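Colleague: Next come a sequence and a model predicted from it.
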Amino acid sequence: MRGLILVCLSALLASCYAKKESRIEYVGRLQRDLFQDYDSEIIPLADSLDGETGLNVSVGLNMVYMDMTAEGHLDMNLWLKTSWIDERLAWDPKEYHDIDSIRVPAHNIWIPDLEVYNNLGYGSEYINDVLKSRSTNTVIMSNGLVIYVPAAKLTVPCNDKEFADWPWGEYDCSIKLGSWTYSGYLINLQKCEDKNYITNESVEEGISPVFFTENSFQEESLNSDFYPCCQEPYPALHYKFKVQRGFQIGADGKQENPSPVPAYKPAKN
């Protein structure tokens, strides 16, 4: 009996002093479990009955800063806002100390091959190259939701019909982006938060020299293109908007636009 008591006491003491699993250990265990058989080259699309239901990929742009060059090119600093569900990356938080999200480099997982079709800028900071490098972290939620918001630069041409009014005129510009290779049967492109316009969240008024005017984003931005080679649709976001310079900094200091058009204000729901 005494021996049995000693064994029980030893077991109790061992359990009391047993090392708890640290956050480094259980996050590492989670990542090993998620990526053991993961293939980042395969789109996370489950079989569909009709073969025409693609993976829902939400896409949007958030403008941080805009300026226009003397050549009529619009330079923009922005965030690309994307999200989708990858069921292979879902887990039960209860099995991993209730952790409900992790940060993972984008090059470790499948990422949609988005491109800005009319981008003129190339280099490590420009959007198409940023997307190819996949160097930004993603946030992955326990339900498999992947949130990918890389920051990048972008340069697009603008309509020069009205450039006689330079530098204070109102100019037509557009940005068109979509998947480079996936059709609508594989990627179902969606507007982020169902917004038909480029947002400018977290941007103080008057910081950007160029702004969207009230005549912007009048057309539906999400459309599909069809090509002679193929019967499947190729969806793309095509933002059409007008911009105007609010001010410029010259040798004489800051010059304000003498005839500004009201800025674009999205309709309130």
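Modeller: That came through, no problem. Numbers count the residues shown, from 1 in each chain.

Colleague: could you point out where the stretch 51-200 of the chain is predicted with low confidence?
Modeller: Applying pLDDT under 70 to the stretch 51-200 of the chain flags the ranges 51-52, 160-164.

Colleague: in the sheet, who's paired with the residue nearest the centre of the chain?
Modeller: Nearest to the geometric centre of the chain sits K81, at 2.4 Å (CA atoms, centre = their mean). With DSSP bridges applied, the residues forming beta bridges to K81 are G60.

Colleague: so who does it touch?
Modeller: K81 sits next to S58, V59, G60, L61, N62, V149, C192 when contact means CB atoms under 8 Å, 6 or more residues apart in numbering. Any C-beta I mention is one placed from the backbone N, CA and C, and that applies to glycine too.

Colleague: Next one: it from I109, what distance?
Modeller: 17 Å (CB to CB, to the nearest Å).

Colleague: again, but for V64
Modeller: Note on V64: its distance to I109, by CB to CB, is 25 Å.

Colleague: Output the contacts of K81 as JSON lines; include the columns neighbour count and distance to P167.
Modeller: Shown next, in JSON lines, are these (neighbours: other CB atoms under 10 Å; distance: CB to CB, whole Å):
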{"residue": "S58", "neighbour count": "17", "distance to P167": "36"}
{"residue": "V59", "neighbour count": "24", "distance to P167": "32"}
{"residue": "G60", "neighbour count": "24", "distance to P167": "29"}
{"residue": "L61", "neighbour count": "24", "distance to P167": "24"}
{"residue": "N62", "neighbour count": "19", "distance to P167": "25"}
{"residue": "V149", "neighbour count": "15", "distance to P167": "32"}
{"residue": "C192", "neighbour count": "17", "distance to P167": "32"}
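
Colleague: What segments of the chain are strands?
Modeller: Here the chain has its strands, by DSSP state E, at 55-68, 73-85, 101-105, 114-116, 137-141, 145-148, 151-157, 170-179, 187-191, 210-212, 222-225, 234-245, 247-250, 253-256.

Colleague: just checking, what packs against the fourth one?
Modeller: It refers to strand 114-116. helix 127-133, strand 170-179 (3 or more CB pairs under 8 Å, 6 or more residues apart in numbering; DSSP states H and E).

Colleague: Check the ones you listed for me and report the most buried one.
Modeller: Each of the helices and strands packed on strand 114-116 was scored by mean neighbour count; the highest is strand 170-179, a mean of 20, by mean count of other CB atoms under 10 Å.

Colleague: which helices and strands does that one pack with?
Modeller: Against strand 170-179 (3+ CB pairs under 8 Å, 6+ apart) you get strand 55-68, strand 114-116, strand 151-157, strand 187-191, strand 234-245.

Colleague: Could you export those strands as CSV, including distance to N128?
Modeller: Formatted as CSV, these follow (distance: least, CB to CB, whole Å):
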stretch, distance to N128
strand 55-68, 14
strand 114-116, 5
strand 151-157, 8
strand 187-191, 17
strand 234-245, 14
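
Colleague: thinking again about what came up before, so for V64 and I109, which residue has more residues nearby?
Modeller: Comparing V64 with I109 by other CB atoms under 10 Å, the one with more neighbours is I109, at 21 against 16.

Colleague: Next up, the contacts around the more buried one.
Modeller: Y38, S40, D86, L89, T138, I140, V146.

Colleague: Out of those, which comes closest to G250?
Modeller: T138 (42.3 Å; CB to CB).

Colleague: Bridge partners for the residue lying closest to the closest one once chain neighbours are set aside, pull those for me.
Modeller: Spatial nearest neighbour of T138, chain neighbours left out: Y148 (4.7 Å); criterion: CB to CB, 6 or more residues apart in numbering. Listed beta-bridge partners, Y148: T82 (assigned using DSSP bridges).

Colleague: among the helices and strands packed on strand 170-179, which is nearest P93?
Modeller: Comparing these against P93 with CB to CB, the closest turns out to be strand 55-68 (23.1 Å).

Colleague: what packs against the closest one?
Modeller: On a contact count with 3+ CB pairs under 8 Å, 6+ apart, strand 55-68 meets strand 73-85, strand 170-179, strand 187-191, strand 210-212, strand 234-245.
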